[in-house]
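K.L.:
Please find the sequence and the predicted model below.
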Amino acid sequence: MKVIIIGCGWSGAAAALTARKAGADVVVYEKTDMVLGLGNVGGIMRNNGRYTAAEEIKALGAGDLIGITDSLTRHKNLDFPNHAHAWLYDVNKIEPAVRNYILSKDIKLNLMSRVVDVKMDGNKIKGIYTSEGDYDEADVFIETTGSTGPMGNCIKYGNGCSMCVLRCPSFGPRISISSCAGVEDLHGERSDGNYGAFSGSCKLAKETLDKELVEEVEEKGVVVLKVPEEDINLDKLKAKVCQQYALKEFAENIILLDTGHVKLMTSYYPLDKLRKIHGLENVKFIDPYSGGKGNSIRYLSVAPVSNDLKVTGVENLFCGGEKSGLFVGHTEAICTGSLAGHNAVRYTLGIPALILPTDTVIGDIIDYANRKIRTSEGRKNRYTFAGAKYFNRMKERGLYTIDKTAITHRISSLNLSGILSRKLL
């Protein structure tokens, strides 16, 4: 059995691992020269309900990537406004670690290979075409291309191409595979009805900060600086992807996190105003390079899926990550990708799909987001274990906990322990 995965961010990597564990031959196509995509500038794990989800996915048998981020953690159990017990992994070390792990599992990884179209056979995908003119066939396909780009959308819905880590000018625009297969994309919306939302943070070159500030960030993991009153912009919060950070504390303060670089928790910040703040007089953006003006625009391409993450209208296409719903975050991508990879193999074998029950946080967020995206109001929200409406739902339903034993017992009581690591063929 052969599985082709398009895109190798957190979700694609997770899908590749669970499909391989299930016994399939796995081939991954990634348009850039690195795996992990936005994971190369992310860095935040285990904050709020993501702790619960991380332990759930481990108990389900797909905790490989959580283990890698844990091993590269620079700071543990940090608190910053409205976020508790966050872990920060090193964004400068994560990509080769994940790449080497994928290759160690005999997964074929094609880098700088952009999938541009599909060949259909009725309502099934028969094969994929790359921009280099290559053609490859498989039994089942998983799309994890994300929801950002192409550049024209960043220009249309944002402040122009911000030269982000996805590097569309160098490696070409993202192409919606589900759309190529004839399925109309859904779109996330802002409160004003416009499509998309700004990516949630920027990276600063650590060596351009004041030496004493760097020492404080590296020692504490988090530093909070006051924004001058005349520069506070509450309206900008409405456009952010990460609604868990769309709080006035993130407009009234500069929040810096140590993820190897210095993570600036705002979608963009005018450089001349940023340099007014003590310790940041000589600061420089490194991702996106135009972080003084804007950031990438996301949630412009979401495929309609059922709770097993199979795309509606295509018999053998599954999705994970942002392409499968209005999800925010690495943990969310790992969880959805892991389920998509496992279910792709089940589908090909004719085994009933695994639909995680809503007694799990992973099953519940998939079900909840899937219902909400079908409403106009729901398309204006984002769904994450870390905050906003879904984290409140977790707490209301009694699903949020950082007790590892309780989480393991929850999965065991549902007879789901290790299910995503089972060999199916």
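P.N.:
Alright, I've got the coordinates. Predicted, not measured: the structure shown is a model, and the values here were computed from it. Numbering: from 1, shown residues only.

K.L.:
all contacts plus neighbour counts: C-alpha atoms, from now on.
P.N.:
Noted.

K.L.:
Who are the contact partners of Arg46?
P.N.:
The contact partners of Arg46, by Cα atoms under 8 Å, 6 or more residues apart in numbering, come to Thr52, Ala54, His85, Ala86, Trp87, Thr331.

K.L.:
if we go to 7 Å?
P.N.:
Ala54, His85, Ala86, Trp87 (Cα atoms under 7 Å, 6 or more residues apart in numbering).

K.L.:
Show the pLDDT at it.
P.N.:
pLDDT recorded at Arg46 is 98.

K.L.:
Please report how far it lies from Gly329.
P.N.:
Per Cα to Cα, to the nearest Å, Arg46 is found 10 Å from Gly329.

K.L.:
Also Ile94?
P.N.:
If you measure Ile94 against Gly329 using Cα to Cα, the figure is 16 Å.

K.L.:
just the strands in the stretch 1-150 of the chain please.
P.N.:
Secondary structure of the stretch 1-150 of the chain (DSSP state E, counting those that start in this stretch): strands located at 2-6, 25-29, 44-45, 73-80, 83-89, 108-110, 115-121, 124-130, 135-137, 140-143.

K.L.:
Would you confirm that Val35 contacts Glu95?
P.N.:
Yes. Under the criterion of Cα atoms under 7 Å, Val35 lies in contact with Glu95, with a separation of 6.2 Å.

K.L.:
These two: which is more packed in?
P.N.:
Here Val35 and Glu95 are compared on neighbour count by other Cα atoms under 10 Å; more neighbours surround Val35, at 25 against 18.

K.L.:
residues in contact with the more buried one?
P.N.:
Under the criterion of Cα under 7 Å, 6+ apart, the contact list for Val35 reads Cys8, Gly9, Glu95, Arg99.

K.L.:
Can you give me the pLDDT of it?
P.N.:
With respect to pLDDT, Val35 scores 98.

K.L.:
481 is where my numbering starts, stick with that
P.N.:
Will do, 481 is the new start, and the previous item becomes Val515.

K.L.:
what's the distance between it and Lys683?
P.N.:
Taking Cα to Cα as the measure, Val515 and Lys683 are separated by 19 Å.

K.L.:
Let's verify Ser650: helix, strand, or coil?
P.N.:
helix (DSSP: H, G, I helix; E, B strand; the rest coil).

K.L.:
Please render the contacts of Arg526 as a markdown table that adds pLDDT and neighbour count to the earlier fields.
P.N.:
Listed next are the contacts of Arg526 as a markdown table, based on pLDDT from 0 to 100; neighbours: other Cα atoms under 10 Å:
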| residue | pLDDT | neighbour count |
| --- | --- | --- |
| Ala534 | 98 | 28 |
| His565 | 98 | 19 |
| Ala566 | 98 | 22 |
| Trp567 | 98 | 23 |
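
K.L.:
from those residues, which two are the most distant?
P.N.:
When the contacts of Arg526 are compared pair by pair using Cα to Cα, the two farthest from each other are Ala534 and His565, 12.7 Å apart.

K.L.:
pretty sure Ile605 is touching Asp616, no?
P.N.:
No. Here Ile605 lies out of contact with Asp616, judged by Cα under 7 Å, at a distance of 10.9 Å.

K.L.:
who has more neighbours, those two?
P.N.:
When neighbours are counted by other Cα under 10 Å, Ile605 comes out ahead of the other of Ile605 and Asp616, with 23 against 13.

K.L.:
Now that one. Nearest residue, chain neighbours left out?
P.N.:
In space, not counting the residues next to it along the chain, Ile605 is nearest to Lys599; the distance is 5.9 Å by Cα to Cα, 6 or more residues apart in numbering.

K.L.:
Could you give the number of residues near Pro750?
P.N.:
Here the number of neighbours of Pro750 (other Cα under 10 Å) works out to 13.

K.L.:
quick one: the helices in the stretch 631-780 of the chain?
P.N.:
Across the stretch 631-780 of the chain, reading from the start of the chain, the helices by DSSP state H, counting those that start in this stretch fall at 631-637, 648-651, 657-660, 691-700, 729-732, 751-754.

K.L.:
re earlier: just say which of the strands of the stretch 481-630 of the chain is most tucked in.
P.N.:
Mean neighbour counts were taken over the strands of the stretch 481-630 of the chain using mean count of other Cα atoms under 10 Å, and the top value, a mean of 28, falls to strand 620-623.

K.L.:
how far out from the middle of the chain is it?
P.N.:
Mean C-alpha position of strand 620-623 versus that of the full chain (Cα atoms, centre = their mean, to the nearest Å) differs by 17 Å.

K.L.:
Let me see the mean pLDDT of that strand.
P.N.:
When pLDDT is averaged over strand 620-623, the result is 98.

K.L.:
That strand packs against which elements?
P.N.:
Counting by 3 or more Cα pairs under 7 Å, 6 or more residues apart in numbering; DSSP states H and E, the packing neighbours recorded for strand 620-623 are strand 482-486, strand 797-799.

K.L.:
Show me the one of those strands that comes nearest Arg755.
P.N.:
For the helices and strands packed on strand 620-623, the distance to Arg755 is smallest for strand 482-486, at 40.4 Å, taking Cα to Cα.

K.L.:
Output that closest one as CSV, restricted to C-alpha atoms.
P.N.:
These are the backbone C-alpha positions of strand 482-486, laid out as CSV (Å, rounded to 0.1, in the frame of the first residue of the first chain):
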residue,chain,number,x,y,z
LYS,A,482,1.3,3.4,-0.9
VAL,A,483,0.4,6.8,0.7
ILE,A,484,1.4,10.1,-0.8
ILE,A,485,1.5,13.1,1.5
ILE,A,486,1.5,16.6,0.1
